[in-house]
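need a 3D model of the following:
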Amino acid sequence: MKNPLWADRQGQGLTEYLVLMILVCLVSVAAVRSMGSTIKDKVSGIQRHIEGIKLPENSR
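Model prediction:
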């Protein structure tokens, strides 16, 4: 007696693709989260630097 679940391998490629896509998504989310705080810190530093620059009176 054959087990039809083991005999049919038609969905195997789709399952492997799904697992790969989930892994890519998780890595992407982790990368964006870790880089997001770094980018925010750099932009904040640039903002503080720009706010500290005094413009000449005739450029306003």
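
same question for whichever strand or helix holds Cys25, mean pLDDT?
Per DSSP states H and E: Cys25 is located in helix 12-52. The average pLDDT within helix 12-52 is 90.

so how far is it off the chain centroid?
Centroid displacement of helix 12-52 relative to its chain, using CA atoms, centre = their mean, to the nearest Å, is 3 Å.

which strands and helices sit next to it?
Using 3 or more CB pairs under 8 Å, 6 or more residues apart in numbering; DSSP states H and E as the contact criterion, no secondary-structure element is in contact with helix 12-52. C-beta here means a position set from N, CA and C on the backbone, and glycine is covered the same way.

run a quick neighbour tally on Ser44.
Using other CB atoms under 10 Å, Ser44 is surrounded by 10 other residues.

brain fart, Val27
Counted with other CB under 10 Å, residues neighbouring Val27 total 10.

state the distance from Thr38 to Ile53.
When CB to CB, to the nearest Å is applied, the distance between Thr38 and Ile53 equals 23 Å.

which one of the two has more residues nearby?
Legend: neighbour count by other CB under 10 Å for Thr38 and Ile53, higher for Thr38 (9 against 6).

who's in contact with the more buried one?
Contacts for Thr38 were tallied using CB atoms under 8 Å, 6 or more residues apart in numbering; there are none.

if I look at Ala30, how far off is Val19?
When CB to CB is applied, the distance between Ala30 and Val19 equals 17 Å.

what do you get for Val29?
Going from Val29 to Val19 by CB to CB gives 16 Å.
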